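coords please:
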Amino acid sequence: MIPLDDRGLLLGDGLFETLLARDGVLVEAQAHLARMAAGCAVLGLPAPEASEAMDLMGRALSEAGLERGRAAVRLTYTAGSGGRGLERPAGPEPRLLATAAASTVPTTPARLMVSTVARNAGSPASRLKTLSYLDNVLARREALAAGADEAVMLNGAGQVACAAAANLFWVTGGQVFTPALACGVLEGIVRHQVMAQVPVTEVAAGVEVLAAAQAVFLTNSLIGVRAAASLDGRPLAGCDLVAELARAVSC
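The predicted structure is shown next:
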């Protein structure tokens, strides 16, 4: 049970990672744990023990009966209990939790819409998977209400940042581009895999680059590489490179 004074519950003080599991094997587990540890350094929290995290995630898969097939495993790390107010106790005692659920791969390209919810590129939290994810929740809700599958989030300067739950890429002139981390972007695990497969240029650009692109695609640990079919109801083109990348980093 999570106590009522848990700072993750009350203040969003903590981090999470979402991992893909195939037949009980956690994909890119060390990369996810390294990213959580880096986030802990930013938040001023001790990093969780990798062995404990792996054990908890394995138990979560077992208890959910998901040791076969495809599953999403969420690892949640809160700053632990604390009194009223913003200040943490002098010696925080973080909590580490894991859950697992069945996960399927989308079979169709994504319909995108540009969200009115802005990404705060000036906040360190924009580059971390913190427990305070309300902007992403609101952006996704807005997209679904508009008949889209996913939201494109811009930062306060009007630059493309990310999707509500994915990194964004586009192809122009045969070259692959993605928003720079400084635009308010999480350094995604599959983002890194794509950048290891092909040359990718990190840029700060307005949303018009998506409409003019040869292709647009999304990446995260559960969907791998997913092509985009439309933006605000307007069709987007496609190219063979996206399919090749999807096979190369197959989820």
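
ranges for the strands of this structure?
Taking DSSP state E, the strands of the chain run over residues 14-22, 25-26, 70-78, 95-102, 110-114, 150-154, 160-163, 167-172, 175-179, 200-203, 215-220, 224-231, 234-235.

turn these into a markdown table, including mean pLDDT and distance to residue 188.
In this view, the C-beta of every residue, glycine as well, is placed from N, C-alpha and C. Converted to a markdown table, these look like this (pLDDT from 0 to 100; distance: least, Cβ to Cβ, whole Å):
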| stretch | mean pLDDT | distance to residue 188 |
| --- | --- | --- |
| strand 14-22 | 98 | 11 |
| strand 25-26 | 97 | 17 |
| strand 70-78 | 98 | 15 |
| strand 95-102 | 98 | 20 |
| strand 110-114 | 98 | 16 |
| strand 150-154 | 98 | 14 |
| strand 160-163 | 98 | 8 |
| strand 167-172 | 98 | 4 |
| strand 175-179 | 98 | 9 |
| strand 200-203 | 98 | 12 |
| strand 215-220 | 98 | 6 |
| strand 224-231 | 97 | 11 |
| strand 234-235 | 96 | 26 |
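
just give me the neighbour total for residue 173.
Neighbour count of residue 173, defined by other Cβ atoms under 10 Å: 7.

how close does it sit to residue 201?
11 Å (Cβ to Cβ, to the nearest Å).

then residue 135?
Relative to residue 201, residue 135 is positioned 26 Å away (Cβ to Cβ).

then residue 25?
Distance of residue 25 to residue 201, given as Cβ to Cβ: 33 Å.

quick one, domains of the protein?
With domains defined by automatic domain parsing, the chain comprises 7-102, 110-248.

reformat the ones you listed as a markdown table; add distance to residue 1.
Converted to a markdown table, the domains of the chain look like this (distance: least, Cβ to Cβ, whole Å):
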| stretch | distance to residue 1 |
| --- | --- |
| domain 7-102 | 11 |
| domain 110-248 | 17 |
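
which residue ranges of the stretch 1-150 of the chain form helices?
Assignment of helices within the stretch 1-150 of the chain using DSSP state H, counting those that start in this stretch yields the ranges 7-11, 29-43, 50-63, 134-145.
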